[in-house]
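Undergrad: Task: produce atomic coordinates for the following.
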Amino acid sequence: MSRKDIQFIAICAGAAALIFIAAHLFWPPQARIEGAQISHSEVAQYAYVASVQREVFHKPSCRWAGKISPGNLIGFNSKDEAIRSGRRPCKVCKP
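TA: Residues are numbered from 1 along each chain as shown. Below is the predicted model of the structure:
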């Protein structure tokens with residue numbers, strides 16, 4: 001094996017490691033998601049809502065809750081349920 005081959009393998013291995021790390025940092029693990037995915041029309045039946053991709057939960061009336069994409073919206077029946085899922089209360093609506 002030439003020196004260029006070894007350098008190429010090292011670069012590819014480093015790139016693969018970076019992709020692996022980025023995937024684990026930016027994609028939430030499905031095991032942490034305890035709430036049920038909902039649509040914006042179903043928001044009123046839950047006490048709190050959150051995005052699958054974020055670590056903050058909101059009151060359904062919060063302006064930030066209205067910005068959550070319908071595909072990422074999950075609901076919680078209690079504050080404890082939201083906290084157990086690894087989320088913290090919103091600093092705007094203070095649930």
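Undergrad: need the next SSE after whichever strand or helix holds residue 82, C-terminal direction.
TA: Under the criterion of DSSP states H and E, residue 82 resides in helix 79-84. Going down the chain from helix 79-84, the next helix or strand is strand 88-89, by DSSP H and E.
Undergrad: Quick one: distance of that next one to the chain centre.
TA: Relative to its parent chain, strand 88-89 has a centroid offset of 13 Å by C-alpha atoms, centre = their mean, to the nearest Å.
Undergrad: those helices in this structure, which residues are they?
TA: Using DSSP state H, the helices of the chain run over 3-26, 79-84.
Undergrad: tell me the most buried of the ones you listed?
TA: By mean neighbour count, with neighbours taken as mean count of other C-beta atoms under 10 Å, helix 79-84 ranks first of the helices of the chain at a mean of 15. Just so you know, the C-beta spots here come from the backbone N, C-alpha and C atoms, and that holds for glycine as well.
Undergrad: measure residue 54 to residue 67 for me?
TA: Using C-beta to C-beta, to the nearest Å, residue 54 is found at 11 Å from residue 67.
Undergrad: more neighbours, the two?
TA: Shown here are residue 54 and residue 67; by other C-beta atoms under 10 Å, residue 54 has more neighbours (15 against 9).
Undergrad: what does the model give that one for pLDDT?
TA: Residue 54 is assigned a predicted lDDT (pLDDT) of 90.
Undergrad: likewise the one 3 residues further on?
TA: At residue 57 the predicted local confidence, pLDDT, stands at 94.
Undergrad: I'd like to know the average pLDDT value across the helix holding residue 82.
TA: Here the average pLDDT along helix 79-84 is 92.
Undergrad: What is it packed up against?
TA: Helices and strands touching helix 79-84, by 3 or more C-beta pairs under 8 Å, 6 or more residues apart in numbering; DSSP states H and E, are strand 48-51.
Undergrad: So what touches the strand it packs on?
TA: For strand 48-51, contacts defined as C-beta atoms under 8 Å, 6 or more residues apart in numbering pick out 35, 38, 43, 56-60, 65, 68-69, 72-76, 78-79, 81-82, 85, 87, 95.
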